[in-house]
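**Student:** I'll drop the sequence and a predicted model, then ask my questions.
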Amino acid sequence: MTRHDDSLDAAVRRSAAQGIGAAFIARNLGVTPNRVHAVLARLRRNGEVFPRVRPGPALRPQGLRLSTLDGATRRAFEPHAAAREVSIRELVHRILRTVARDDLVDAILDDKETNP
């Protein structure tokens, strides 16, 4: 008996439940759309139900494009995203929302000149 790889289940399940299409999920997770379709098919065979996805940009989440992040930065975020069972994109969004909400830009960058 072959054991399936369930490492993508949580992220695919969460995104599909929001009505996000397989191609977009695949791009966020760094896998092929076929891999996402295979995960969805297996989850459906096990009784899970997901909303139908209509094609079109209206259902795609808008926001930050992570394609501008270099490979080293993406790799640095990978273990933190995996530990939280979210995509790198979602992790970066959470970080940015927290930085903005808590006014942490200056504390993080420490680029303001301080007067003694």
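**Tutor:** Cool, got the structure.
**Student:** please enumerate the helices of the chain.
**Tutor:** Taking DSSP state H to define them, one finds helices in the chain at 9-17, 22-29, 33-45, 71-83, 88-101, 105-109.
**Student:** export those to a markdown table and tack on mean neighbour count?
**Tutor:** Glycine gets a C-beta too; all of them are placed from N, C-alpha and C. Below are the helices of the chain laid out as a markdown table (neighbours: other C-beta atoms under 10 Å):
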| stretch | mean neighbour count |
| --- | --- |
| helix 9-17 | 18 |
| helix 22-29 | 20 |
| helix 33-45 | 16 |
| helix 71-83 | 12 |
| helix 88-101 | 15 |
| helix 105-109 | 10 |
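**Student:** which of the ones you listed sits closest to Pro51?
**Tutor:** Smallest distance to Pro51 across these (C-beta to C-beta): 7.4 Å, for helix 9-17.
**Student:** which strands or helices does the closest one pack on?
**Tutor:** helix 22-29, helix 33-45 (3 or more C-beta pairs under 8 Å, 6 or more residues apart in numbering; DSSP states H and E).
**Student:** what's the pLDDT at Gly47?
**Tutor:** You'll see Gly47 listed with a pLDDT of 90.
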